[in-house]
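[1] Here is my input, please return the structure:
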Amino acid sequence: TIYEQHVAIQLKVPVSMLLPHAEEVSLLERMEQGASGIYQICNALLAFDSKSAKASFEEDERTVKAMIEQTIGFETLDAEITTFLVSWVKQVLGAHMESLMSNVYEPMETDLVKGS
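    Residues are numbered from 1 along each chain as shown. Down below sits the predicted model:
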């Protein structure tokens, strides 16, 4: 799916990413660890290496890697994918923050209504 990600980015086709629940929880737990968890996430994103990616079929892998080499190159592809993933992580964090904030402010609003 790496090359497909590149094509989608180039064509400005919206791409959605979904994590299984356990992985999403793990990502949020790392974020909640503060700087050390965030550095772990950053290191994982920066370690992206499309040149080492494997395909289910060897011929497909050769074909896709040749297309990448002949067009944008692996470094540019890795940068594009990393940028996309960083944007996605920001969305996950934003949604998490909204969820936390709604949990914090809901009881306060209820208390205000009761006090009237």
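[2] how far does the longest helix that the chain contains sit from the chain's center?
    Ranked by residue count under DSSP state H, the longest helix found in the chain is helix 74-115. Put simply, helix 74-115 sits 12 Å off its chain's centre (Cα atoms, centre = their mean, to the nearest Å).
[3] Report the rounded mean pLDDT for that helix.
    Across helix 74-115, pLDDT averages out at 79.
[4] Can you spell out which helices and strands pack onto it?
    On a contact count with 3 or more Cβ pairs under 8 Å, 6 or more residues apart in numbering; DSSP states H and E, helix 74-115 meets helix 2-10, helix 21-32, helix 35-46. The way it works is simple: take the backbone N, C-alpha and C, and place the C-beta from them, glycine included.
[5] Among these, single out whichever gets nearest to Glu59.
    When the helices and strands packed on helix 74-115 are compared by Cβ to Cβ, helix 2-10 sits nearest Glu59, at 14.1 Å.
[6] Dump the C-alpha coordinates for that closest one into PDB.
    C-alpha atoms of helix 2-10 as PDB (Å, rounded to 0.1, in the frame of the first residue of the first chain):
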ATOM      1  CA  ILE A   2       3.000   2.300   0.100                       C
ATOM      2  CA  TYR A   3       2.900   3.200  -3.600                       C
ATOM      3  CA  GLU A   4      -0.900   3.500  -3.400                       C
ATOM      4  CA  GLN A   5      -0.400   6.000  -0.600                       C
ATOM      5  CA  HIS A   6       1.900   8.000  -2.800                       C
ATOM      6  CA  VAL A   7      -0.600   8.000  -5.700                       C
ATOM      7  CA  ALA A   8      -3.400   9.100  -3.400                       C
ATOM      8  CA  ILE A   9      -1.300  11.900  -2.100                       C
ATOM      9  CA  GLN A  10      -0.300  13.100  -5.600                       C
END
